[in-house]
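K.L.:
Fold the following and give me the result.
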Amino acid sequence: MGWSPFGYASLSNLGNAIDINSSFQDALFQLNNLEFKFLVVLENEKVKGTLTDGDIRRVLLDNSKTSSKIKDFLKEDFIFATSKENPTDAIKRVVNKGSFFLPVLDSKKQLVAVQIVD
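P.N.:
Down below sits the predicted model:
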């Protein structure tokens, strides 16, 4: 079974990609306008982390961080799969962690696809 990706090699068409130097307000605005409430954080086309609406809510509770760049609070220990990994095994890891999306990365940590998990 191969990957059945949601999205494209670049998520810019979907609006789910954001630059690591973007502001908190940029991330909040972008998330607010998305159907799937997650962002893949990129630096020079490499995936550096993720942000979800829950991550943003936690920043809002800590008012001191709302003037920060997202690089100061992105989730760097995110779950991802490699493009060579068995999709079934990777999706099981995501479900076990309670997540709903899975970035699929190549060997250079560039985004190949995003799998949405029902």
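K.L.:
can you pull out the strands in this structure?
P.N.:
Along the chain, counting by DSSP state E, strands occupy 17-19, 38-43, 46-52, 81-82, 101-105, 111-116.
K.L.:
Which strands and helices lie in contact with the fourth one?
P.N.:
Translated: strand 81-82. Applying 3 or more CB pairs under 8 Å, 6 or more residues apart in numbering; DSSP states H and E, one finds that strand 81-82 makes contact with helix 87-97, strand 101-105. For glycine as for every other residue, the C-beta is placed from the backbone atoms N, C-alpha and C.
K.L.:
Report the distance from the first one to the chain centre.
P.N.:
Its chain's C-alpha centre and that of helix 87-97 lie 16 Å apart, by CA atoms, centre = their mean, to the nearest Å.
K.L.:
That one - contacts with which helices or strands?
P.N.:
So helix 87-97, by 3+ CB pairs under 8 Å, 6+ apart, packs with strand 81-82, strand 101-105, strand 111-116.
K.L.:
Tell me which of those strands sits nearest to residue 73.
P.N.:
strand 101-105 (18.0 Å; CB to CB).
K.L.:
Can you dump the C-alpha atoms of that closest one in PDB for me?
P.N.:
C-alpha atoms of strand 101-105 as PDB (Å, rounded to 0.1, in the frame of the first residue of the first chain):
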ATOM      1  CA  PHE A 101      -2.400  14.500  10.400                       C
ATOM      2  CA  LEU A 102       0.900  12.900   9.400                       C
ATOM      3  CA  PRO A 103       3.600  14.800   7.400                       C
ATOM      4  CA  VAL A 104       5.400  12.500   5.100                       C
ATOM      5  CA  LEU A 105       9.100  13.600   4.600                       C
END
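K.L.:
Show me what that strand is packed up against.
P.N.:
Packing partners of strand 101-105 (3+ CB pairs under 8 Å, 6+ apart): strand 46-52, strand 81-82, helix 87-97, strand 111-116.
K.L.:
That strand pairs with which strands?
P.N.:
Paired with strand 101-105 in the same sheet, following DSSP bridges, are strand 81-82 (parallel), strand 111-116 (antiparallel).
K.L.:
so the residue nearest the centre of the chain bridges to which residues?
P.N.:
Residue closest to the average C-alpha location in the chain (CA atoms, centre = their mean): residue 40, at 2.9 Å. Beta bridges link residue 40 to residue 17, residue 50 when assigned by DSSP bridges.
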